[in-house]
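Enquirer: Take a look and give me a structure for this.
(chains A and B)
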Number of protein chains: 2
Amino acid sequence: MKEDFQVTPWEVKGRVDYDKLIKIFGTQPLNKELLNKLERISGRELHMFLRRGVFFSHRDFDKILDDIENGRGFFLYTGRGPSGPMHVGHLIPFIMTRWFQEVFNVNVYIMITDDEKFLDEEKMSLDEVRRWAYENILDIIAVGFDPDKTFIFLDTEYIRNMYPLAIKIAKKINLNLVRSVFGFSGDTNIGLTFYPALQIVPTMFEKKRCLIPAAIDQDPYWRIQRDLAEGFGYYKAAAIHSKFLPPLTGFEGKMSTSRPETAIFLQDDPKTVRRKIMRYAFSGGQPTIELHRKLGGNPDIDVSFQWLYMLFEPDDKRIKEIEEDYRSGRLLTGELKEILIERLNDFLEQHRQRREEAKELVHIFKYEGKLARQMWEIIYE
Amino acid sequence: MKEDFQVTPWEVKGRVDYDKLIKIFGTQPLNKELLNKLERISGRELHMFLRRGVFFSHRDFDKILDDIENGRGFFLYTGRGPSGPMHVGHLIPFIMTRWFQEVFNVNVYIMITDDEKFLDEEKMSLDEVRRWAYENILDIIAVGFDPDKTFIFLDTEYIRNMYPLAIKIAKKINLNLVRSVFGFSGDTNIGLTFYPALQIVPTMFEKKRCLIPAAIDQDPYWRIQRDLAEGFGYYKAAAIHSKFLPPLTGFEGKMSTSRPETAIFLQDDPKTVRRKIMRYAFSGGQPTIELHRKLGGNPDIDVSFQWLYMLFEPDDKRIKEIEEDYRSGRLLTGELKEILIERLNDFLEQHRQRREEAKELVHIFKYEGKLARQMWEIIYE
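Expert: Below is the predicted model:
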């Protein structure tokens, strides 16, 4: 099946059709029925990501809900490849993961894949990757995880505890498989070739079902996991998949560190935020004020509106007003951008404060918290 | 170049022509000049393995001798894949390594490749490999290494200390290269594919030249190391290569655990030794006593004689007598076999005693010896 978009763990091309992607990847839509059940079981209002379809697809999330109902429980696993600064879109899986942790009081494992990024980025040294790892960990901690129920680890540091299980997994994965799943070729280095085995290990950190909130492009890893897990006496990993926050410049591809105009980074100051939104945020408005007042704007293709809808305006009533005002032409593109700039800068200001506080907590999440201390005692075999 | 024998790290086929192998592998003969220099520098009689060409080939051994002369020093690295019991042939690199350690008082690193054997042996569990690792370590310690200058480590245990450097090495090795050097194919698992990077790490344990005494079939690993080492600021590994102790059954291939009649294992009791030698040791003698007395035997193809020559009769005068007596027909095949049986059983009896004592020393070599304690503090990056 040839589509005019493409989604792999390393690349997103074109404008993603998420309904088609569900069919291509063979996942399930995260439908109303499941969400209602989640709301009922949790006794909490659904997170805006769930109310608004930011997480739109899943594997075995129904089984996670059963496990919660039956008291078997579950645990959460997500991660970050530390090859550069994090942008606002990178926070989506972490915010979602934190919400599940808060609601169900479960353990969270966050893998910082310094090995993978070093192996994958031709020009990056391991030291550089590790510096980004530290910076990214601050951003992740700032999301608000429970320090006694969250373990953040670097692959190169935690490897001794994972390697025996990783080689058991690796023994079941041959070169033909990784070639077809990840497109590895003769030029691929032998470190990157081994890495998928390691990424699977944390799905077996507990003898419960693992729920992975992640962007949909990571799905190929979990397909291999799901083929192998039961042979190892573990559960197939469950996942919920998020859409990509669209690049500022429009809906093609995903935000990219190498093209800074496409993204707002967590370290961008208020002036930079204003400049980028004003200059680059793709508009669904009309070419002139007169035409806009007459014909109205199109929020479906307007990146400022989409960012508010997906991430920065949690109030359902308010977002509906904004949508209607924009569509009717009452709200101009410039005004819409001002709303986003204000929300974004509030969000980043709060984030920066929590990020400062996170500096004292890195050691807790990596080594000294209750879960972290337990994890350093366990060798996975 | 198509030969009627084949030598790879996983297989030896046919009768190996060692002179041709030097040409095929592109190594250097370990010639008289080098050996004389070694004798002069060491002030010691050369070990029988050197006097008799058991070690016959090298890479950069001349540079090791220069390093000794100039006071730069060197270190020793060898290893063992613990997939089964060790036979007498397996001891050859260890005995050679021990001799160099004793003569030059240098550090020895012994890698126990539990990961590789687990990944390579379809049916073997990691627990089984680890049990063999323990048994093999006893046999290795019994050779007599210096507990404060020798570090014995299992890959799966020491991985945290090696992995960062291993991925730096791995980043420089692509699938095309391991396919051509090791013959990896689409069926090869992704663990085994990564392993060559790990085997190279100990050649960089010190900022000195590393000397690797090993059977010639391990040479492909060091070819890759030699292409990469200087880019990492380390020396190209030097190596001296041994011939294979021929299988009891004749000169084809090498001794094999899966065909116990081809080998004497270090645990074989005196009765088993006698039975195997009498029944299987390929003879260079004549079909009848009369013919033997008349025509004489051929020690060049007689496995009993070769075993005495290569490993079990260190006395040069005595081995010369045996050779002459056998060639002239004075010594019968049965008598030659009796000589070997006696030598072999003496050797194994001593080995068993030292192996018993080794049980108390495993912890020293792995964790508590002077060198071992230092090594657990170092992370190689």
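Enquirer: burial measure for residue A:146, as a count.
Expert: By other Cβ atoms under 10 Å in any protein chain shown, 17 other residues sit near residue A:146. No exception for glycine: its C-beta is placed from N, CA and C like everyone else's.
Enquirer: wait, I meant residue A:180
Expert: Residue A:180, neighbours per other Cβ under 10 Å, totals 11.
Enquirer: got the contact list for the helix or strand hosting it?
Expert: Remark: residue A:180 resides in helix A:175-182, with elements defined by DSSP states H and E. Helix A:175-182 is contacted by residues A:8-9, A:184-185, A:193, A:196, A:220, A:223-224, B:175, B:184-190, B:193 when judged by Cβ atoms under 8 Å, 6 or more residues apart in numbering or on different chains.
Enquirer: Are there helices or strands packed against the helix or strand just after it, and which ones?
Expert: Using DSSP H and E, the helix or strand that follows helix A:175-182 in sequence is helix A:190-200. In terms of contacts (3 or more Cβ pairs under 8 Å, 6 or more residues apart in numbering or on different chains; DSSP states H and E), helix A:190-200 is packed against helix A:114-120, helix A:155-170, helix A:175-182, helix A:219-228, helix B:155-170, helix B:175-182, helix B:190-200.
Enquirer: Beyond helix A:190-200, next helix or strand please.
Expert: Per DSSP H and E, the helix or strand that comes after helix A:190-200 is strand A:209-215.
Enquirer: Given that following strand, what are its sheet partners and their directions?
Expert: strand A:74-80 (parallel), strand A:238-242 (parallel) (DSSP bridges).
Enquirer: Now do that strand: distance to the chain's middle.
Expert: Here strand A:209-215 is found 10 Å from its chain centre; the criterion is Cα atoms, centre = their mean, to the nearest Å.
Enquirer: quick one: contacts of it?
Expert: Against strand A:209-215 from outside (Cβ under 8 Å, 6+ apart): A:55, A:60-61, A:63-64, A:67, A:72, A:74-79, A:92-93, A:96-97, A:100, A:202-204, A:218, A:222, A:235-244.
Enquirer: Give the PyMOL command for selecting the buried subset of those.
Expert: This is the PyMOL syntax for the buried subset of these, where burial follows 16 or more other Cβ atoms under 10 Å in any protein chain shown:
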select buried, chain A and resi 55+60+61+63+64+67+74+75+76+77+78+79+92+93+96+97+100+202+203+204+218+222+235+236+237+238+239+240+241+242+243+244
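Enquirer: Contact partners for the single nearest residue of the stretch 251-381 of chain A relative to chain B?
Expert: For the stretch 251-381 of chain A and chain B, the shortest gap (Cβ to the nearest Cβ) falls at residue A:381, measuring 6.6 Å. Residues counted as contacts of residue A:381 (Cβ under 8 Å, 6+ apart) are A:164, A:165, A:168, B:126.
Enquirer: Tell me which two in these are the farthest apart.
Expert: A:165 and B:126 (9.3 Å; Cβ to Cβ).
Enquirer: now what about stretch A:53-70, what contacts it?
Expert: A:18, A:21-22, A:25, A:27-30, A:34, A:37-38, A:41, A:48-49, A:73-74, A:92, A:96, A:104, A:208-209, A:211, A:213, A:216, A:219, A:222, A:226, A:236-243, A:310-311.
Enquirer: could you dump it to CSV, C-alpha only?
Expert: Extracted C-alpha coordinates of stretch A:53-70, given in CSV (Å, rounded to 0.1, in the frame of the first residue of the first chain):
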residue,chain,number,x,y,z
GLY,A,53,-8.4,12.5,20.2
VAL,A,54,-4.8,13.5,20.6
PHE,A,55,-4.4,9.9,21.6
PHE,A,56,-6.4,8.2,18.9
SER,A,57,-5.2,4.6,18.6
HIS,A,58,-4.3,1.7,20.8
ARG,A,59,-3.2,-1.9,21.2
ASP,A,60,-4.8,-3.9,24.1
PHE,A,61,-5.9,-0.8,26.0
ASP,A,62,-9.1,-2.7,26.6
LYS,A,63,-7.1,-5.4,28.4
ILE,A,64,-5.4,-2.7,30.6
LEU,A,65,-8.9,-1.6,31.6
ASP,A,66,-9.8,-5.2,32.5
ASP,A,67,-6.6,-5.5,34.5
ILE,A,68,-7.5,-2.4,36.4
GLU,A,69,-11.0,-3.6,37.1
ASN,A,70,-9.8,-7.0,38.2
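Enquirer: which intervals of chain A have sub-threshold pLDDT?
Expert: A:1-3 (pLDDT under 70).
Enquirer: Residue numbers of the stretch 51-200 of chain A in contact with chain B?
Expert: Applying Cβ under 8 Å from any Cβ of the partner chain, we find that the stretch 51-200 of chain A lies next to chain B at A:115, A:118-119, A:126, A:156-157, A:159-160, A:163-164, A:166-168, A:170-176, A:178-179, A:184-194, A:196-197.
Enquirer: tell me how far stretch A:223-234 is from the chain's mean position?
Expert: The chain centroid and the centroid of stretch A:223-234 are separated by 23 Å under Cα atoms, centre = their mean.
Enquirer: Return the set of buried residues in that stretch.
Expert: Buried residues in stretch A:223-234 (16+ other Cβ under 10 Å): A:223, A:224, A:225, A:226, A:228, A:229, A:234.
Enquirer: among those residues, which are in reach of chain B?
Expert: Restricting the buried residues of stretch A:223-234 to those near chain B - Cβ under 8 Å from any Cβ - leaves none.
Enquirer: In TSV: these, plus distance to residue A:363.
Expert: Converted to TSV, these look like this (distance: Cβ to Cβ, whole Å):
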residue	distance to residue A:363
A:223	36
A:224	33
A:225	30
A:226	35
A:228	34
A:229	32
A:234	30
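Enquirer: now, among the residues you listed, which is nearest to chain B?
Expert: residue A:224 (10.3 Å).
Enquirer: Quick check: nearest residue in space to residue A:253, chain neighbours excluded?
Expert: residue A:12 (5.2 Å; Cβ to Cβ, 6 or more residues apart in numbering or on different chains).
Enquirer: I appreciate the help and will end here.
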